[in-house]
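Student: any chance you could fold what I've pasted below:
(one chain, ligands or ions: 2)
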Amino acid sequence: MAVQAGEDVYASLLLTDAYLPGALVLAHSLRDAGTKKKLAILVTLDTVAAEVITQLKAVYDYVIPVPRIRNDKPANLYLMNRPDLHSAFTKINLWKQTQFRKIVYLDADVVAYRAPDELFDLPHDFSAAPDIGWPDIFNTGVMVLRPNMGDYFAMMAMAERGISFDGADQGLLNMHFKHTFNRLSFTYNVTPSAHYQYIPAYRHFQSSINMVHFIGADKPWLQGRDKSTGSSPYDEMVGRWWAVYDKHYRREVGFDAESLTFMAFANYRAQTTAAQQAPPAPELVQYFVKGEYQPVVQFVVPVGEPPRDQGGAFHGQQYQPPALPYSEHQHQQPQLHYHDHQHQPQQHYHHEQSENQHHPHRDAPQQHHYHHEQHDQHHQPYQPHDQPHEYHHHEQSHYAQSQPGSSGQTFKHPTPIPSESFRSEERTYAEARKDQAPEHQTWTSRPPLPQPEHKPEPPKPEPAPSWDAQRQPPPPDSRPEAINFPSTHYEMSSDPAPFVPPERYPSPPKDMWYEVPKERPSQKPKSVFPWETHQPRPTRVFPREEPPVVSPMAEPTSAPSGERHASTDSQPQAEPSLTESSTAEQKSEPQTPTTPIVQGATAEPWSTFTLTNAWDDVPEIERYVDAIQKHRRTRSQGLRLGDLPAPDGVQTAWTRRGSKVTDFPSVDDRPSLPVTPAPMRRSKFWGGGGPKTGLDGEDGEQLPAAEGVPAQSEWVCVHGVRWSPADCLCDLTNVLRYYKDPVAQLQKLAKQQSEALLQKLGGSGSPGSEAMGTEGREIPSRPLPFGSEDVKSPTYVAQSSTVLSPKPVKPGSGSSSVPERLTAGIESAPRSTDSPVSIISAPSYQGPGPSFEKGEDIPTFETPAGPTEEEQDVLET
Ligand SMILES: O=c1ccn([C@@H]2O[C@H](COP(=O)(O)OP(=O)(O)O[C@H]3O[C@H](CO)[C@@H](O)[C@H](O)[C@H]3O)[C@@H](O)[C@H]2O)c(=O)[nH]1
Ligand SMILES: [Mn+2]
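Tutor: Residues are numbered from 1 along each chain as shown. Ligands and ions are numbered 1, 2, ... in the order given. Sure thing, here's the model as predicted:
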């Protein structure tokens, strides 16, 4: 039957004999449901027995040989434990069947509850239903597709490279049609499992099921009919498959009255109603169905002399089925053999019982043979798998048995394959027949075998030469351009000889380093870059000598004291980025430990800067700033214990510093943070049984306190940190932050302070003490203590360390103080010999570090507390 152009077909696929029952039941289920469409099945001739194909032809309209497409990289198949699906890529051949308009493809393990002919009316080129394993993708057991060579070539290219996430067609097709598939209702591809759980859904949608697909390795025909007899959804669906099977292939026991012989009714039917069919169809099908093939009954069927002139008749044939289904035994080749028999024509079709035939799938019957009485001279053993050239011999047999006149059946010739090449496995039956040996053609005197009316030209997938690649997309059916790229294939070495390394490898070359010249090259190296030769002359001039350091702001009365002068020369330069203006006082400011220490000569550039601001000449501003500074200093000066009594010079030196906001506040001017005082001697730690340290006096005496540092008794402990009274008052911000009642606390501290002062000074009313007293009285009336907000030292910005530095030690204080010792190591600037005292460049900090933000409520000055007395006890025991 010729294919009409643009025809619609249901198509299935048979790769192995073992799926024959599935393929047949599928076709019957569609037919029984009354489909109006034709049925086709793709077969791979190298792996499907001729007898099996004969059975297919009895039910399918078109049996279409296709080349088997194997996955040469089947590793992913093992991920789903289905190595038997190594040739599932063969499905891609569906897209090559361009003789059909649309194909509804169905796996051989599908059974139709009704004929879904409406699927052919879908406008989409590709439709499929969700897969239960991963519902975002589709299952490839039911697909509606429009054949076209574009998809075919694209997927062939993938198949050749083994591109498929599951190693089979489903992985490949989902990767190819990733975003373009039209999703079908699950009712078209219901995939039951023995563990099906969603029974309410099944009950609800049960009546709308169109087709059921038995995915997985356990097909209904491999399980046997007894496996699923329950009432679960799965059993119900498997039961539907068996219902179709039974309707068409169930082995019935009949009684032949004529011969008075019991026989399998199917065999009886085979001999009586389709006597010319060979081999007996149902039996072949039963052979592949577990529990159905039981040729234990020997029977004799008197069928009389076959009509010799029909040639296809047979007598006494014994079917030797394939030994094992491929799905279970991959490496087993089917063992279909025609045996030459020099024998008398047998009058009886008989079964010989073999000893071990109870399990048709596992126990291959050994004694059954086909007896072809007419073929005695020219039969060759048939090995359908590895000798495909022999198969036409069998075709002869099939044709003979199925041609009109012998069985009454209409011969269904296969659809010619539109293929470019004529590989043997792609040949159609007609082509195969043409190649038959002459003796085969003389084999019978039967009418000539039907030939296809015409052999259509294979479609030309090559792009039309008129294709303008610059303006048009490539023709949809064109081959991928890279399809013929040469590909290099590297084989794994199969050399079993173990690797023997050479005796020794060559030593690496020596002296492979750059030898630094011992002597400095006398000549200047040659210029490399253009700017080295064309160097422009510098236009900026820097003064060679340091001009006398005179603060333009300093008024005659506020000339820096001798100490400050001395420090100017010897102190390291402040980091230039800190502030643009620099005064003598500023230069004498203590450096932070992190500031690079710069020699005095580098002070030169600073003197060239203008040290005034534009508004310096505005008297109002000047006056205002002066007032503020004066007030502030008065307040803080009075609180410095070490400076007291403050010399007038120091006091007046601060009356005028200029109103520049970047002015660096002096030690006196800025609040200080509390520091840990000189280490307190603990009797148990420094003396006692412990080892003597260098800090210990000979007799274990406590070290003398540094001059200017308040006595230990004067320190207060705040949150585990010891504060000197001055610290408490100077750093009002911190006081505010850490006291619940800051005002009361400040008063208390001020009182302590004044008492301490009076004690030290013998009660004399110095200006400092007076100022302190004033301060103490003033504080409560202020909502926020003055100086706690607007004082911001430039060093605050420059802080890069959160480590609290020791509190500055005033000039003139004892050189044995711990802070001085600590900083002395950093102090590398040479000191002028005429400096009266060594000025310790003690840094000062306004905040915990660069991250410090005013108002930030973080504990910024917790210092690691030493071990408590109890802890110390524990440590020492
Ligand atoms: O030995 C075999 C194996 C497969 N087939 C054919 O190939 C189809 C696919 O194999 P099947 O065993 O049905 O696979 P499933 O268990 O259904 O597994 C899933 O995964 C397969 C590989 O991706 C897809 O082909 C199926 O559509 C999908 O349901 C079968 O229906 C047959 O038509 C044979 O003829 N012989
Ligand atoms: Mn399937």
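Student: roughly how far does residue 153 sit from residue 484?
Tutor: Applying CB to CB, to the nearest Å, one obtains 11 Å for the distance of residue 153 from residue 484. C-beta: built from backbone N, CA, C; applies to glycine.
Student: neighbour-wise, which of these two wins?
Tutor: Neighbour count, other CB atoms under 10 Å: between residue 153 and residue 484, residue 153 has more, with 19 against 8.
Student: would you mind checking the average pLDDT for the helix or strand containing that one?
Tutor: When secondary structure is defined by DSSP states H and E, residue 153 falls within helix 149-160. Rounded to a whole number, the mean pLDDT of helix 149-160 is 94.
Student: any idea how far residue 245 lies from residue 511?
Tutor: When CB to CB is applied, the distance between residue 245 and residue 511 equals 86 Å.
Student: quick one: which of the two has more around it?
Tutor: For residue 245 versus residue 511, neighbours defined as other CB under 10 Å are more numerous around residue 245 (24 against 5).
Student: which parts of the protein sit against ligand 1?
Tutor: Where proximity means CB under 6 Å from any ligand atom, the interface of the chain facing ligand 1 comprises 12-16, 18-19, 84-85, 88, 107-109, 139-141, 166, 168-170, 215-216, 326-327.
Student: ok, and of those residues, which contact ligand 2?
Tutor: Within the set of these, contact with ligand 2 (CB under 5 Å from the ion) is found for 107, 109, 141.
Student: in strands, which of those fall?
Tutor: Among those, the subset assigned to strands under DSSP state E consists of residue 141.
Student: rebuild the ones next to ligand 2 among the residues of the chain next to ligand 1 as TSV, extending it with neighbour count, pLDDT and distance to residue 159.
Tutor: Listed next are those as TSV, based on neighbours: other CB atoms under 10 Å; pLDDT from 0 to 100; distance: CB to CB, whole Å:
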residue	neighbour count	pLDDT	distance to residue 159
107	24	97	18
109	25	97	22
141	25	97	18
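Student: for ligand 2, give me its nearest residue in the stretch 201-350 of the chain.
Tutor: Nearest residue of the stretch 201-350 of the chain to ligand 2: residue 215, at 5.1 Å (CB to the ion).
Student: can I assume that residue sits in a strand?
Tutor: No - note on residue 215: no strand contains this position according to DSSP: H, G, I helix; E, B strand; the rest coil, which reports coil.
Student: quick one: residues contacting it.
Tutor: Taking CB atoms under 8 Å, 6 or more residues apart in numbering as the contact definition, residue 215 lies against 109, 139, 141, 191, 193.
Student: same thing but at 6 Å, please
Tutor: With contact set as CB atoms under 6 Å, 6 or more residues apart in numbering, residue 215 has these partners: residue 191.
Student: mind checking how far it is from residue 109?
Tutor: In this structure, residue 215 and residue 109 are 7 Å apart, going by CB to CB.
Student: do residue 529 as well
Tutor: Using CB to CB, one obtains 78 Å as the distance from residue 529 to residue 109.
Student: same check, this time on residue 18
Tutor: 11 Å.
Student: residue 117 now?
Tutor: As it turns out, when the distance is counted by CB to CB, residue 117 lies 21 Å from residue 109.
Student: what do you get for residue 31?
Tutor: From residue 31 over to residue 109 (counting by CB to CB), the distance is 17 Å.
Student: likewise residue 35?
Tutor: Counting by CB to CB, the gap from residue 35 to residue 109 is 18 Å.
Student: remind me which residues of this protein are low pLDDT?
Tutor: Scanning the chain for pLDDT under 70 picks out the ranges 1, 252-281, 295-465, 545-610, 634-740, 742, 760-877.
Student: show me which residues of it sit near ligand 2.
Tutor: Counting by CB under 5 Å from the ion, the residues of the chain lying close to ligand 2 are 107, 109, 141.
Student: tell me if I'm right that the first one and residue 141 touch.
Tutor: When you say that, I think you mean residue 107. Yes - Residue 107 is within contact range of residue 141, at 3.7 Å (criterion: CB atoms under 6 Å).
Student: burial measure for whichever residue of the stretch 451-600 of the chain sits closest to ligand 1, as a count.
Tutor: Using CB to the nearest ligand atom, the closest approach of the stretch 451-600 of the chain to ligand 1 is made by residue 480 at 22.6 Å. By the measure other CB under 10 Å, the count of residues near residue 480 is 13.
Student: tell me what residue 211 is bridged to.
Tutor: With DSSP bridges applied, the residues forming beta bridges to residue 211 are residue 112.
Student: for it, which residues are in contact?
Tutor: Listed by CB under 6 Å, 6+ apart, the contact partners of residue 211 are 110, 112, 188.
Student: 8 Å instead, please
Tutor: Contacts of residue 211 were listed using CB under 8 Å, 6+ apart, and they are 106, 110, 111, 112, 113, 116, 142, 187, 188, 189, 190.
Student: tell me the one of the residues you listed nearest ligand 2?
Tutor: So of the contacts of residue 211, ranked by how close each gets to ligand 2 (CB to the ion), first place is residue 110, at 6.8 Å.
Student: rewinding a little: give the residues shared as contacts by residue 215 and residue 109.
Tutor: residue 141.
Student: just the closest residue of this protein to ligand 2, please.
Tutor: Closest point on the chain to ligand 2, by CB to the ion, is residue 107, at 3.4 Å.
Student: so that residue touches residue 216, yeah?
Tutor: No - using CB atoms under 8 Å, residue 107 is not in contact with residue 216, being 11.4 Å away.
Student: so what's in contact with those two at the same time?
Tutor: In terms of CB under 8 Å, 6+ apart, residue 107 and residue 216 are not both contacted by any residue.
Student: and residue 4, its phi and psi?
Tutor: The phi and psi torsions at residue 4 (degrees, to the nearest 10) take the values phi -80, psi 140.
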